[in-house]
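[1] quick one, fold the following:
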Amino acid sequence: MILYLDNCCFNRPFDDQVQIRIRLETEAKLVIQEKIKEGTYSLAWSYILDYENSKNPFPERKESIDKWQIYASSDTEEDELILEIAEKLLLIAI
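    Next up is the predicted model:
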């Protein structure tokens, strides 16, 4: 199974763990990460994740997330087809 973890997912372990929902989401994310390292799941990466993480104001978080790219089995770059699909989806959303 190929999984894409968005920037919110990668940042979840750094959030305040007082709320049970936050803690459970963190635990689930950490289990998924272990399964990726073990090879049970594959990680998909994208240029959008790179962009969002480049705006991360916390250097420790940014570096931690950057390190996950080495585990990615695919890395999607921006291209014309992706931009065309995004434009169509944007028109549908409006």
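
[2] may I see the buried residues of the longest helix belonging to the chain?
    Ordering each helix of the chain by length in residues (DSSP state H) puts helix 20-38 first. Across helix 20-38, burial judged by 16 or more other CB atoms under 10 Å covers 25-26, 29, 32-33, 36. Quick note: C-beta positions are derived from backbone N, CA and C, even for glycine.

[3] can you give me the helices in this protein?
    7-11, 20-38, 47-54, 59-66, 80-93.

[4] those helices into TSV, with extra columns for distance to Ser73?
    Formatted as TSV, those follow (distance: least, CB to CB, whole Å):
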stretch	distance to Ser73
helix 7-11	17
helix 20-38	9
helix 47-54	14
helix 59-66	17
helix 80-93	18
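
[5] which of these has the lowest mean pLDDT?
    Mean pLDDT is lowest for helix 80-93 among the helices of the chain, at a mean of 92.

[6] how far away from the center of its chain is it?
    Relative to its parent chain, helix 80-93 has a centroid offset of 21 Å by CA atoms, centre = their mean, to the nearest Å.

[7] what of stretch 4-13?
    5 Å.

[8] same question for stretch 79-87.
    For stretch 79-87 - counting by CA atoms, centre = their mean - the centre lies 20 Å from the chain centre.

[9] show residues contacting it.
    Thr76 (CB atoms under 8 Å, 6 or more residues apart in numbering).

[10] start at 28 instead
    OK, 28 is where the count begins now, so the last one is stretch 106-114.

[11] which of the residues in it are buried?
    Buried residues in stretch 106-114 (16+ other CB under 10 Å): none.

[12] likewise stretch 40-47?
    Pro40.

[13] for that stretch, how far is the first residue from the last?
    13 Å (CA to CA, to the nearest Å).

[14] what's the burial count for the residue nearest to Leu30 when sequence neighbours are not counted?
    Counting by CB to CB, 6 or more residues apart in numbering, Tyr68 is the residue found nearest to Leu30 once chain neighbours are left out, at 5.2 Å. If you count neighbours by other CB atoms under 10 Å, Tyr68 ends up with 18.
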